[in-house]
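Visitor: Let me see the structure of the following:
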Amino acid sequence: MTKDKNEVVEHLADMELGQEGVVSKKEEVLSKKDSAFKEAIKEEKAPQKRWYIVHTYSGHENKVKVNLQKRIEYMNMADKIFRIEVPQKTVTKMKDGKKIEREEKIFPGYVLVEMIMDDDSWYLVRHTAGVTKFAGDGKKPIPAKESEIKRIIHKTQNQVTKVELDVKAGDKVRIISGPFSEFIGDITEVYPDKSKLRAMVSIFGRETPVELEYKQIQKI
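Guide: Numbers count the residues shown, from 1 in each chain. Okay, here's the model as predicted:
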């Protein structure tokens, strides 16, 4: 009986250890799940980089960009402020039959900044020379929609060069290329969106309307 009793006692002890082991294992699994959950919540609450629209003094957009880049480097904020964009397009003007190219702001008075918004990054941008404020409700900067920023940047990178000419209806022009080269014409209509115009040209004593591209004429 003593032997049987001892075996029973040992068996019960093993069962208790087994139960403790199971409980311990469950606690370990729950602990890991809890840690993973807390980590996920922490990541969700962590500030994300977003695009913000910054108002600047008119004509100071590029200066603001340069000043921001210098301050970011000086204050070691490259881990919070990433990209600065001044959306521009190339405009070609015709003067005396020659092309003159220049960059033109798509949104004068605005600069786009990709950043993680916190007190430090806000202070750096807001107190950069030339910056007047963030776009928002006055108290809290409001991030721009990602789709809008992508559309603006895409437009900037895939722009079609626009040609401008300082002419209007009634001006006289000399045609410098094409089948009517060397003829003089009087402008009747101007189509800036197409970089074209219509002029009346005297051909064999008869006024004839012709359509011309900006690059084909020279203002007299």
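Visitor: Pull out the buried positions in stretch 62-78.
Guide: By neighbour count on 16 or more other C-beta atoms under 10 Å, the buried set for stretch 62-78 is Lys63, Val64, Lys65, Asn67, Leu68, Arg71, Ile72, Met77. In short, each C-beta sits where N, CA and C put it, glycine included.
Visitor: does the last one count as helix, strand or coil?
Guide: Classification of Met77 into helix, strand or coil gives coil, according to DSSP: H, G, I helix; E, B strand; the rest coil.
Visitor: Could I get the phi/psi values of it?
Guide: The phi/psi pair for Met77 (degrees, to the nearest 10) reads phi -110, psi 20.
Visitor: Which residue ranges of the protein form strands?
Guide: With strands called from DSSP state E, the chain shows them at 49-56, 81-85, 88-95, 98-105, 110-116, 131-134, 162-164, 172-175, 184-191, 196-203, 206-213, 217-219.
Visitor: buried residues in the first one?
Guide: Same thing as strand 49-56. So for strand 49-56, counting by 16+ other C-beta under 10 Å, buried means Lys49, Arg50, Trp51, Tyr52, Ile53, Val54, Thr56.
Visitor: what's across from the second one in the sheet?
Guide: The partner list for Arg50 in beta bridges (DSSP bridges) reads Met115.
Visitor: In contact with it, which residues?
Guide: With C-beta atoms under 8 Å, 6 or more residues apart in numbering as the criterion, the residues that contact Arg50 are Glu114, Met115, Ile116, Met117, Pro143, Ala144, Glu146.
Visitor: Neighbours of Glu182, how many?
Guide: Applying other C-beta atoms under 10 Å, we find 8 other residues in the vicinity of Glu182.
Visitor: Just list whatever residues bridge to the nearest residue to it once chain neighbours are set aside.
Guide: With C-beta to C-beta, 6 or more residues apart in numbering as the measure, Ile175 is the residue that lies nearest to Glu182, at 6.7 Å, once sequence neighbours are left out. Partner residues in beta bridges with Ile175, using DSSP bridges, are Ile217.
Visitor: Tell me if I'm right that Ile175 and Asp186 touch.
Guide: No: with contact defined as C-beta atoms under 8 Å, Ile175 does not reach Asp186; the gap is 11.6 Å.
Visitor: Looking at those two, which is more packed in?
Guide: Applying other C-beta under 10 Å to Ile175 and Asp186 shows that Ile175 carries more neighbours, namely 19 against 14.
Visitor: Any chance you could list what contacts stretch 56-76?
Guide: Contacts of stretch 56-76 with the rest of the structure, by C-beta under 8 Å, 6+ apart, involve 54, 77-78, 81, 84, 86, 105, 108-111, 113, 124-125, 128-132.
Visitor: Glu207 versus the residue nearest to Glu182, what's the distance?
Guide: Remark: distance between Ile175 and Glu207 (C-beta to C-beta, to the nearest Å) = 15 Å.
Visitor: just to revisit the earlier point, and the contacts of stretch 56-76, which of them are buried?
Guide: Members of the contacts of stretch 56-76 that pass the buried threshold by neighbour count (16+ other C-beta under 10 Å) are listed as 54, 77, 81, 84, 86, 105, 110-111, 113, 124-125, 128, 130-131.
Visitor: In JSON lines: those, plus pLDDT and distance to Val167.
Guide: Supplementary listing: the buried ones among the contacts of stretch 56-76 in JSON lines, determined by pLDDT from 0 to 100; distance: C-beta to C-beta, whole Å:
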{"residue": "Val54", "pLDDT": "95", "distance to Val167": "37"}
{"residue": "Met77", "pLDDT": "95", "distance to Val167": "48"}
{"residue": "Ile81", "pLDDT": "96", "distance to Val167": "44"}
{"residue": "Ile84", "pLDDT": "95", "distance to Val167": "37"}
{"residue": "Val86", "pLDDT": "93", "distance to Val167": "29"}
{"residue": "Lys105", "pLDDT": "86", "distance to Val167": "23"}
{"residue": "Tyr110", "pLDDT": "93", "distance to Val167": "30"}
{"residue": "Val111", "pLDDT": "95", "distance to Val167": "33"}
{"residue": "Val113", "pLDDT": "96", "distance to Val167": "39"}
{"residue": "Leu124", "pLDDT": "96", "distance to Val167": "46"}
{"residue": "Val125", "pLDDT": "96", "distance to Val167": "42"}
{"residue": "Thr128", "pLDDT": "96", "distance to Val167": "41"}
{"residue": "Gly130", "pLDDT": "95", "distance to Val167": "35"}
{"residue": "Val131", "pLDDT": "96", "distance to Val167": "38"}
